[in-house]
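[1] curious how this folds, go ahead:
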Amino acid sequence: MKSLFKLVVLAFLLFASVDSFAQEQAQEGGLEYGIHFGRFLPAGIDGITEIMPMWGLTFGGGVNQKFFEGGFLGGNAFGAKYSSLYAGLRLDMPVEQLLGTISFGLQLTSYETDTGIKQDRGGGYIGGGVMSQLDPDIWLRIDMKFSSTPGSGLYFGLGFVIR
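    Residues are numbered from 1 along each chain as shown. A predicted model of the protein is given here:
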């Protein structure tokens, strides 16, 4: 797991050095990718009762204030391995100096516990968040995502996005 984390950080740093779109294009759309870290609060998921630390990758593209985005969310703690692939639509709304976001879509979730419970399920999610521009190409992103099936869960994440 430590070597995977080092690989993700290295890839992120390499991607960060690549030239991105100008600030005007970042306001209107373009391509983006990022990394985030947070906590997952499970409810009604067999074998997972503790708040789990998570990390993930996100990528997407769009025009105006509509983005198609996808990503990965995963964690391994308290005797459980949890991973989710998701794809959906994100709508951005300028609010003062910030960018508010609303997102929704589909996800495929897989989890396994050390007690032998294993499930693969499809479901959906809905979320919201705020993005703040730190640099012409780098944004700070704070997200909250509610997911359904298996059980339900709430993810709070903090990360960086490069546009």
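[2] quick one, strands of this structure?
    29-43, 52-63, 66-77, 80-95, 98-113, 118-133, 138-148, 152-162 (DSSP state E).
[3] output the ones you listed in a markdown table, with mean pLDDT appended to each entry.
    Output for the strands of the chain, formatted as a markdown table (pLDDT from 0 to 100):
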| stretch | mean pLDDT |
| --- | --- |
| strand 29-43 | 93 |
| strand 52-63 | 95 |
| strand 66-77 | 95 |
| strand 80-95 | 95 |
| strand 98-113 | 95 |
| strand 118-133 | 95 |
| strand 138-148 | 96 |
| strand 152-162 | 96 |
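[4] got those strands as CSV, with mean neighbour count columns?
    All C-beta atoms are positioned from the backbone trio N, CA, C, and that covers glycine. Formatted as CSV, the strands of the chain follow (neighbours: other Cβ atoms under 10 Å):
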stretch, mean neighbour count
strand 29-43, 19
strand 52-63, 18
strand 66-77, 18
strand 80-95, 17
strand 98-113, 18
strand 118-133, 16
strand 138-148, 18
strand 152-162, 19
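[5] per-residue pLDDT, Glu50?
    pLDDT for Glu50: 91.
[6] could you measure from Gly47 over to Phe146?
    20 Å (Cβ to Cβ, to the nearest Å).
[7] now do Tyr82
    Taking Cβ to Cβ as the measure, Tyr82 falls 15 Å from Phe146.
[8] over to Glu50?
    Applying Cβ to Cβ to Glu50 and Phe146 gives a distance of 18 Å.
[9] can you check Phe160 too?
    For Phe160, the distance to Phe146 - Cβ to Cβ - is 23 Å.
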